[in-house]
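Visitor: next comes the sequence, and after it the predicted model I'd like to discuss.
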Amino acid sequence: MNTVPERFVVPIGPQHPALKEPGHFEFTVDGEQVTAASVRLGYAHRGIEKATEGRNWVQNLYLLERICGICSHIHATAYCLGVEKLAGVTAPPRAQAIRVVVAELERIHSHLLWLGVAAHEAGFDTLFMYSWRDRETVMDILEALTGNRVNYSANLLGGVKFDMTPELQDMILKGLEFLEQRTHDYVAVVTTDATLLQRTRGVGVTSREQVEELGLIGPTARASGALRDLRVESPYAAYADFPIVPVTATEGDLEARFVVRLKELFESYRLIRLILEKLPEGELQARMPRKIKPAETISRVEAPRGELFYFIKSNGTDQPERIKVRTPTLCNLASVCILAVGSQLADVPMILAGVDPCFSCNDRAVSIHSTKLGEKQWTWAQLRQYGIDYYRR
Amino acid sequence: MTWQQVVDDFKTWARVNSPWVVHFNTGSCNGCDIEILATLTPRYDLERFGVKLEGSPRHGDVLICTGPVTLQARDRLLRVYEQMPEPKFVIAVGSCAISGGVFQGCYNIIGHVDEVLPVDVYIPGCPPRPEAIIDGVVKLLGHLKDPAPQANIEEAN
Ligand code: SF4
């Protein structure tokens, strides 16, 4: 008789019906219980950081915006704030306020999108369809504001591209009214619907200590009682003038994550209304120099999924020397592999959806080498060859 | 009409009325993918054309690709394509899938989808609007129904 217990590995992805994006997971199961989990990323690794070095500051704005289609505006904002800091330019207050309005609209769209996807993972397709139907309201607003439904290109270096006209304000307010009323319904659904609660209450509990240990950020951390919100901790753009009240919960389970994200929507509605009421007058764009003297800076903003970090280094030309991006999903993804161990296989998609994963922004190449060997720079051709050889194996 | 013709006609009828699509992200920024999902949800409702999003490539008729093909996704893309039963069709959604888009010149991409697979329908845009996606799918269905070469562009306009 075979005494060694058999291991059964369930591979998921990269082509997967429930996740829109490619990520490959392997879960080792014993019956229904998951005993080990691993993740393989990199399907969407394109080499954007390297590509930025061959483009000028303005071109990079459009490239970096396309790191992620869901949180495109916040990437552009982080980049613009960083480059403005390098150049010693400050965008006018009206532009900063408009940036925040678009960022909050983007948060609404992203959270509603997440609500739908998470409900779909739970097998609750009705909620998925409802939330995506309502999400179209905010998509309409974003389209009316910026002319595109995704990748809005609202930012320019030194300001924003469009003004907030009274008609647009009316449209936004009307849309928000509808969404606010719908959000009340959603909160009621996720906190009272018995079937959904069976999938969320007490599932994937992350303790406050685990948040520290794993370095979780964003709504995932806030659902476990950790106040991690850059809009409060280090206000950027117009958040200093228009402060937000952070939303936290203490349970740390999936239900808390639903509730935190939905309650954040109310905060966003309130903030947008407040800004529209007190929109500062003035210019939309400050003058930016074409070339930027050698310097380096960091720029941190709060994306819908957590802290987004940019490191930008200039070298005196019209192109950056180096841009490094750290995106929130990469920080949160580790928690999935840990929480999945010991849970039921059926809960795994929910746990995964709970961190609101977004793969297109977190696939990157990492090379580790000792500082004793001195500095090393990769050229485009070396990276290309490395990539080709890497996948030939 | 021979028996074979009747069977073929029946198959075409079934396919045109209910094509099952498989979605594969070959390295896109996600923008195209959320628009494809939006196309399936109530506002745009692609399902009224019988289109169903299917998880398994073995049941799919149409492969929807988004994004530039990255080195890592290439093998998977080919594998998914090979697993689909004949006849199969490929729709390339978004500027990236058509030409590499903004990612042209990134070191880890091969380029556009038709360097790897034969593509039947191209839907341009960054990302294409859901209406454009619906239009592309409907054009493909029209082509299935009547495989004669479609009217050229001037006539179509
Ligand atoms: S076409 Fe645009 S939206 Fe679509 S994947 Fe490419 S960059 Fe993203």
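Guide: Noted; the coordinates are in hand.
Visitor: give me the neighbour count for residue 105.
Guide: Using chain A here. 24 (other CB atoms under 10 Å in any protein chain shown). Backbone N, C-alpha and C define where each C-beta goes, glycine included.
Visitor: wait, I meant chain B there
Guide: Residues near B:Gly105, counting by other CB under 10 Å: 14.
Visitor: with the one 3 residues further on instead?
Guide: In terms of burial, B:Asn108 registers 29 neighbours under the definition other CB under 10 Å.
Visitor: ok, and the closest non-adjacent residue to the residue in the stretch 151-300 of chain A positioned nearest to chain B?
Guide: The stretch 151-300 of chain A approaches chain B most closely through A:Asn151 (5.5 Å), counting by CB to the nearest CB. Spatial nearest neighbour of A:Asn151, excluding adjacent residues (CB to CB, 6 or more residues apart in numbering or on different chains): A:Ser72 at 4.7 Å.
Visitor: the longest helix in chain A is where?
Guide: helix A:93-121 (DSSP state H).
Visitor: ok, it near chain B or not?
Guide: Yes: applying CB under 8 Å from any CB of the partner chain, one finds helix A:93-121 touching chain B at A:Leu113, A:Gly116.
Visitor: same check, this time on stretch A:75-85
Guide: No: judged by CB under 8 Å from any CB, stretch A:75-85 makes no contact with chain B; its nearest approach is 9.9 Å.
Visitor: ok, and what's touching that stretch?
Guide: The set of residues external to stretch A:75-85 that reach it, using CB atoms under 8 Å, 6 or more residues apart in numbering or on different chains, is A:57, A:60-61, A:64-65, A:67-68, A:90-91, A:99, A:103, A:153-158, A:236-237, A:286, A:288, A:292, A:297-301, A:303, A:308-310, A:312, A:323, A:325, A:361.
Visitor: among those residues, which lie within helices?
Guide: Using DSSP H, the contacts of stretch A:75-85 in helices are A:Trp57, A:Asn60, A:Leu61, A:Leu64, A:Glu65, A:Arg99, A:Ala103.
Visitor: you'd agree the third one is up against A:Asn155?
Guide: By that I understand A:Leu61. Yes: at 6.7 Å, A:Leu61 counts as touching A:Asn155 under the criterion of CB atoms under 8 Å.
Visitor: which of those two has more residues huddled nearby?
Guide: Using other CB under 10 Å as the criterion, A:Leu61 and A:Asn155 rank with A:Asn155 on top: 28 against 19.
Visitor: so the more buried one is in contact with A:Ile74, correct?
Guide: No: using CB under 8 Å as the test, A:Asn155 is too far from A:Ile74 to be in contact (9.8 Å).
Visitor: assign A:Arg231 to helix, strand or coil.
Guide: Reduced to three states with DSSP: H, G, I helix; E, B strand; the rest coil, the structure at A:Arg231 is helix.
Visitor: report the beta-bridge partners for the most centrally placed residue in chain B.
Guide: Most central in chain B under CA atoms, centre = their mean is B:Ile91, positioned 2.2 Å from the mean C-alpha point. On the basis of DSSP bridges, B:Ile91 is bridged to B:Ile64, B:Val121.
Visitor: what about the closest residue to A:Ala346 other than its chain neighbours, neighbour count?
Guide: Once flanking residues are discounted, A:Ala346 sits nearest to A:Glu32: 7.2 Å by CB to CB, 6+ apart. By the criterion of other CB under 10 Å, A:Glu32 has 10 neighbours.
Visitor: mind listing the helices for chain B?
Guide: Going by DSSP H, chain B shows helices at B:3-17, B:31-40, B:71-83, B:95-99, B:130-145, B:153-156.
Visitor: okay, and for chain B, where does confidence drop off?
Guide: Residues of chain B meeting the criterion pLDDT under 70: B:147-157.
Visitor: in it, what residue is nearest chain A?
Guide: B:Gly31 (2.5 Å).
Visitor: is that residue in contact with A:His73, as I believe?
Guide: No: the pair B:Gly31 / A:His73 is not scored as a contact, 11.8 Å apart, by CB under 8 Å.
Visitor: skipping its backbone neighbours, what lies nearest the one residue in the stretch 51-200 of chain A that gets nearest to chain B in space?
Guide: Residue of the stretch 51-200 of chain A nearest chain B, by CB to the nearest CB: A:Gly69 (2.5 Å). Distances taken as CB to CB, 6+ apart put B:Gly31 closest to A:Gly69, at 2.5 Å, once the chain neighbours are dropped.
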